[in-house]
Structures are given as structure tokens and as C-alpha cells.
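Undergrad: Sharing a model prediction with you, sequence too.
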Amino acid sequence: MIKGKWTMRQAILGLVTLCTLFAIITQTVVFEVISRQQIRGESLLNNNETLQRIEAELNSYIHDVSVKMQTIYNETDMVYDMRNSGKNHKSKGDHYFDAWHLSERRFDSEDQLLAMYIYDNRNNLISSFRKQPYNYPQDLYNTEQYVNVAHLKSYLKSDDYALMLSGYHNEEADQDVLRFVLKLHTYDDDRSQFGYLVCDFNTQNVEDIMSKYISSRDVYVWLQPRGDSPIAQVGNTTKEESKIFSELTKIVATSINEFPQFENEYGSFYLNSRNSEKYNLHIIMLTPQSLMMHTQSALARTLIVIAIFIILVTLILGTRISGFIYTPVEQLSKTIIKIKNGDTDLRAKTDGWSEELKVMGDEFNDMLDQISRMVQEETEAKVLMERTQYKVLQAQVNPHFLYNTLDTMSGIAASQDCTLVSGLCQSLSAIFRYSLDISDTQSTLQQEMAHVRNYLYVMDVRNGNSIKYIYKIDSDTLEDNIPRITLQPIVENALQHGLRNTRRKDKELIISARHEGDKLVIVIEDNGAGMDADAMNKQLDEADISRIEMGRSIGVMNVNARVKNVYGDGYGIHYESSPETGTKAVIVLPVVKARKEEKLQLSAIEQARLALGSE
């Protein structure tokens with residue numbers, strides 16, 4: 001026993017250790033895979049949120065600049081001359097200082113305005129302002145410097161009246177320039193254009209906005225209008241990053257009608273991009289994956305240290321806990337062996353340390369109690385079976401003598417022209433033959449109705465023909481199987497307790513049968529005195545079969561108990577009654593069709609009975 005005990009403890013310890021090792025190894029592998037995916041997803045999500053914040057602040061900045069540029073409409077003299085340029089012939093010199101005055105009044109030093117150009121519809125310069133005249137041309141269309149006029153002309157040819165953003169790199173000043181272009185137009189129904197305003201700004205404000213949201217200089221972010229070159233960028237670039245930057249800017253620069261879609265990863269970089277339809281801008285971010293993966297490496301090292309610690313703790317605690325666990329299991333095992341050897345009154349202890357073992361002990365004890373009850377019930381059932389068989393033997397007086405006697409009486413009555421007596425004898429013979437047949441507990445609705453008709457004929461002869469019988473039996477229900485002697489007790493109950501106790505002249509008994517889905521519904525309805533349906537239904541729901549078997553309840557209760565016993569609690573008899581309308585008994589049975597073999601067998605049995613009855 002000690003050897004077995006230590007073997008059990010060693011098995012528990014070994015199992016725990018192996019499970020721990022397996023869990024740690026699996027966790028490490030899964031961590032490597034899942035953490036990479038999780039870091040990737042979180043990085044892309046965080047970068048998207050960063051781009052959203054950058055876009056929101058950029059939109060605010062661009063809106064402020066746009067509002068300041070729109071104040072050009074307050075220069076009423078210049079605007080009037082531009083709108084009527086075909087009629088007036090004032091020289092450019094008339095508005096030479098207007099751009100300078102506009103920049104001084106409307107723009108602050110923080111805006112970092114580098115140059116301003118005002119043109120009419122024919123690209124004639126109306127006025128210009130340059131903060132550094134020696135680095136910026138006086139006229140964008142009359143200079144050898146590269147000032148990205150092509151993108152400006154493309155915008156002017158379009159029907160787009162929204163603010164345009166563009167840019168270029170000024171070689172003379174060695175500075176990136178951010179360009180805003182505003183078309184000047186009337187605000188009437190024609191919305192006719194009469195010129196445009198060009199403002200070139202230092203990109204420092206935009207770069208400061210982007211830098212504010214970038215956590216590392218290794219992250220590279222740039223702005224680029226669709227169909228144009230980049231206008232601002234922040235961050236440091238590696239050789240690989242520069243190559244990706246060149247590829248992506250080329251794709252955006254060649255996109256005309258719609259924004260291009262990019263993959264989430266390019267080489268060893270995560271790529272996030274955001275499209276601003278309002279200002280025709282791309283905001284693109286390249287993030288080195290190495291910035292995120294160093295966190296994964298640190299977590300992996302921490303996980304290894306934790307794994308070693310867990311293994312040591314498992315070995316120490318597993319040794320102690322295995323013995324603590326095994327003791328109640330051993331006690332339960334000993335109890336089971338004793339019960340197996342015949343000590344059936346013994347029960348398992350349920351005061352162990354574990355809730356699971358306590359539940360196991362309780363369930364085991366409940367199982368033993370159920371087995372004891374089942375044994376007792378089986379013994380009682382055998383006694384009841386013997387008593388029932390004895391009653392059956394007592395009731396088995398040879399029925400053939402009764403059948404033959406009634407058939408003889410029917411023949412004599414017929415020969416003496418006593419048709420009433422002859423019919424009565426034939427009906428009684430059929431009733432006794434059907435009722436005393438215990439060879440089969442099942443019958444068909446057609447046979448049951450034949451039995452009921454014989455019974456009603458006898459009752460009419462006995463009580464006088466004072467009741468009208470109505471039958472509403474659907475033809476597709478006639479071959480349905482039902483328990484034998486199901487309808488006659490309920491019909492008898494309706495006659496004895498319903499119609500017999502009323503003095504009305506129009507007494508009726510209606511028997512109907514129909515299918516409702518997979519159920520056979522039989523209704524026996526009378527317009528008699530009524531009854532206490534609730535009390536009756538309560539007794540029917542109880543369906544105490546032992547009370548019925550002992551002979552203390554017959555008739556409707558017997559039928560209901562037999563139906564529930566055969567088909568289940570979902571079937572049986574239910575009463576509805578009121579003193580004004582009478583009583584309705586609803587019998588619900590499953591639809592069970594009689595098989596062809598059963599029909600042939602029943603036909604053969606009937607023929608044999610007829611032959612015996614004629615002897």
C-alpha cells in the first residue's frame with residue numbers, strides 16, 4: 001500500500017511537472033507568434049491614431065491660413081479692377097504694394113510667409129511680395145528657378161475651387177516651401193473666376209505639427225498631395241527607408257484620379273497612410289519594426305526567468321500537494337471496495353479538502369441511495385405484477401360461453417321477429433368480445449368508434465332514444481393507433497354525469513377527431529349539466545398509477561393514466577366545462593399509424609373470433 005501510495009504521488013508530481021513544462025514551452029512558442037501579431041496590430045493602430053491627430057491639427061492650421069488668405073476680398077479696389085480687367089486698363093504699378101500691405105496686415109511672423117503672388121485670369125501678375133527678394137522670383141511665370149508651376153497650372157485648369165496645397169524645394173534658399181493657392185471668384189450664381197492668390201510658406205510650422213506626435217526620430221513622416229511631390233517631411237531615414245520613400249512618393253505623384261492604397265508592411269517597416277480628401281493630401285508614416293520588437297525581446301527574456309522560477313516552485317509544491325491530494329482519494333477508494341464486497345449500507349465521507357471530491361462523494365452516495373430505492377421499487381413492482389396477474393387469472397372466465405350464448409339469443413330473437421332484442425344481443429356480444437380481449441393493448445380509432453357505437457346502441461335501448469349523436473371523424477384519423485378502451489369510459493362519463501343530470505330536450509353528444517400537426521385530437525362534447533373541470537384536471541395531472549392499479553379509481557382516471565404511461569406527460573385528457581354549455585373532454589394522442597401487418601393480423605383475429613362465436 002505504501003509502495004502504491006508513493007507511486008501515485010510520483011505520478012501526480014511527474015504529471016504536474018510535465019504539464020508545467022509543456023505549458024511553458026507552448027506559451028513561449030505561442031507568445032512568440034501571437035506577440036508579434038499583437039505588436040504589429042497595436043503598432044498599426046497606434047500609428048493610425050497618430051495620423052488622425054496629425055490630420056486634425058493640420059486641418060486646423062490649413063483652415064486658419066485659408067481664412068487669412070480670403071481676406072484678399074477686403075481689398076475692394078484691387079478686386080474691382082481684377083473683375084473689370086477687360087474694361088479698365090490700369091497698369092500693374094497701380095497695385096504694386098497691395099500684396100505687401102496684405103501680408104503685413106493679415107499674416108503674423110509665426111505664419112512664416114515667404115512670398116505672395118496675385119494673378120488675374122490671364123496669369124498676369126497684379127502684385128507680389130517676397131520676404132527675401134534675392135531668393136524668390138518676382139513672377140512665378142518669368143523665372144529660371146524651379147517653382148513647381150506645372151502643378152499650379154494643372155489646378156488652374158480644373159473646376160476645383162477648393163484651396164490647393166503644393167510645394168517645392170527652393171534651391172536658392174535651400175528651403176522647402178509649402179504653397180497655398182486660392183482661386184478668386186464672384187459669389188453670384190455664375191461663380192466666375194477673375195484671378196488667384198498664391199502664398200508660399202516655410203514648411204517649419206507643418207513639420208513642427210508632425211514632429212509633436214512622433215515619439216522617435218527613426219519614424220519618418222511626410223506630406224504629399226496626390227499627383228505632386230512631397231511638401232514636408234520629418235524624421236531620419238536609413239538606406240532602406242530612403243528606397244521605400246522614393247518608391248511611395250513616385251506612386252503618389254503619378255496618381256491622378258484617386259488615392260493609392262498601400263500594404264501595411266514594406267520590408268522591415270510598418271506603413272500607415274491617411275488620405276485627406278478635403279485638401280487632397282496624403283499623410284504617410286514609416287515605422288521601423290525594430291522599434292517595437294525590442295519590447296518583445298525583453299518580454300521573452302522575462303518569460304524565461306519566470307518559467308525557471310515556476311518549474312522550481314512546481315517541484316517543491318507538487319511534492320507536498322500530491323500527498324495532500326492523495327489522502328481523501330485513497331479513503332474514497334477504500335470505501336468503494338468495501339461497498340463492492342457487500343457493505344451496501346456504508347457511505348463515502350464528504351468532508352474532504354476539495355469541493356470536487358465533496359461533490360463526487362455526495363453524488364456517489366446519492367447513486368447508492370437511488371440504487372437502493374430502485375431495488376425496493378423493483379421488489380414492489382414484482383409484488384404488484386403478481387397481484388395483477390392473479391386478478392387477471394380470476395377474471396379469465398372462458399368468454400366463449402358468453403359470446404355463444406348472446407349469439408344464440410340473437411338468432412332466436414331474429415327468428416321470432418324480435419329485431420330489438422336481436423340487435424341488443426349482437427351489440428352486447430361485440431361489446432364483451434372487444435372489452436374482454438386482453439391479447440393486444442392497442443386498437444385503431446375505427447375499432448374504438450365501432451365499440452362506442454355498440455355501447456351507445458345498448459344505452460339507447462336501455463334509456464330510450466333521447467340523445468342526438470353527432471360524429472365528426474376525419475377520414476385520415478381512422479387508421480391511427482390508440483389504446484384500447486379509451487373512448488367508451490369518457491362517453492359513459494358524459495352520459496351518466498352530464499346528459500343524465502339535465503332536463504333539456506335537445507340533448508346532444510358530439511364526438512370529433514382531427515389531426516393537429518403530429519397530434520391526434522379527439523373531442524367528446526355534451527351540452528349537459530357541466531362539472532368542476534379544475535378539480536378534475538388536477539386529478540388527471542397527478543395520474544397516480546399506483547392508486548389506479550390498486551383499484552381505487554376507474555373510468556376516466558384509468559384512461560388518462562394509461563395514456564400518460566404509454567406516451568408521456570405531454571399527452572392525456574383535459575376537461576373544459578361550464579353550467580351553460582356543458583362539458584368538453586379533449587384527448588390528445590400522438591399520431592401513430594397502424595402498420596399493414598397489424599391491419600392484416602387484426603382482420604385475421606376478427607375472422608377467428610367470428611368463427612368461434614358461430615360454434
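TA: Looks like it arrived, so ask away. Numbering: from 1, shown residues only.
Undergrad: Need the residue in the protein that's farthest from the chain's center.
TA: Residue farthest from the centre of the chain, counting by C-alpha atoms, centre = their mean, is Gln416 at 80.7 Å.
Undergrad: and it, what are its phi and psi?
TA: Main-chain torsions, Gln416, degrees, to the nearest 10: phi -100, psi 10.
Undergrad: what does Leu478 give?
TA: phi -70, psi -30.
Undergrad: now swap in Leu152 and tell me
TA: Phi and psi for Leu152, reported as degrees, to the nearest 10, are phi -60, psi -40.
Undergrad: thought it was touching Leu140?
TA: Yes: counting by C-beta atoms under 8 Å, Leu152 touches Leu140, with 7.2 Å between them. C-beta: built from backbone N, CA, C; applies to glycine.
Undergrad: ok so, going back, gap between the residue farthest from the centre of the chain and Ser333?
TA: According to C-beta to C-beta, to the nearest Å, Gln416 and Ser333 sit 87 Å apart.
Undergrad: try Leu248
TA: Distance from Leu248 to Ser333, by C-beta to C-beta: 72 Å.
Undergrad: Tell me which of the two has more neighbours.
TA: Leu248 (21 against 12; other C-beta atoms under 10 Å).
Undergrad: How about the more buried one, nearest residue that isn't a chain neighbour?
TA: Ile284 (6.3 Å; C-beta to C-beta, 6 or more residues apart in numbering).
Undergrad: And the contacts of the helix or strand hosting the one you found?
TA: Using DSSP states H and E, Ile284 sits in strand 281-288. Residues outside strand 281-288 that contact it (C-beta atoms under 8 Å, 6 or more residues apart in numbering): 43, 47, 50-51, 54-55, 58, 165, 218-226, 235, 238, 241, 244-245, 248, 252, 259, 262, 266, 268-276.
Undergrad: just the strands in the stretch 201-350 of the chain please.
TA: Ranges of strands in the stretch 201-350 of the chain, per DSSP state E, counting those that start in this stretch, are 220-225, 232-234, 265-266, 269-276, 281-288.
Undergrad: Who does the third one pair with, and is each partner parallel or antiparallel?
TA: By that I understand strand 265-266. Strand 265-266 sits in its sheet next to strand 269-276 (antiparallel), going by DSSP bridges.
Undergrad: between the strand it pairs with and strand 220-225, how big is the angle?
TA: Counting by axes from the mean of the first three to the mean of the last three C-alpha atoms, to 10 degrees, strand 269-276 lies at 30 degrees to strand 220-225.
Undergrad: Could you list the residues in contact with strand 269-276?
TA: Residues outside strand 269-276 that contact it (C-beta under 8 Å, 6+ apart) are 40, 43-44, 47-48, 50-52, 54-55, 58-59, 240-241, 244, 248, 259, 262-265, 281-289, 292.
Undergrad: please redo it, this time with the cut-off set to 6 Å
TA: 43-44, 47-48, 51, 55, 259, 262, 283-288 (C-beta atoms under 6 Å, 6 or more residues apart in numbering).
Undergrad: which regions of the stretch 501-615 of the chain lie under the pLDDT threshold?
TA: Residue ranges of the stretch 501-615 of the chain with pLDDT under 70: 543-554, 595-615.
Undergrad: can you rerun that using 90?
TA: Residue ranges of the stretch 501-615 of the chain with pLDDT under 90: 501-507, 527-570, 577-582, 592-615.
Undergrad: any chance you could map the helices in it?
TA: All helices of the stretch 501-615 of the chain, identified by DSSP state H, counting those that start in this stretch, fall at 533-542, 545-549, 556-567, 596-614.
Undergrad: Same check on the stretch 301-450 of the chain?
TA: Here the stretch 301-450 of the chain has its helices, by DSSP H, counting those that start in this stretch, at 355-395, 399-415, 419-435, 445-463.
Undergrad: want to throw the ones you listed into JSON lines with mean pLDDT?
TA: Listed next are those as JSON lines, based on pLDDT from 0 to 100:
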{"stretch": "helix 355-395", "mean pLDDT": "71"}
{"stretch": "helix 399-415", "mean pLDDT": "66"}
{"stretch": "helix 419-435", "mean pLDDT": "76"}
{"stretch": "helix 445-463", "mean pLDDT": "87"}
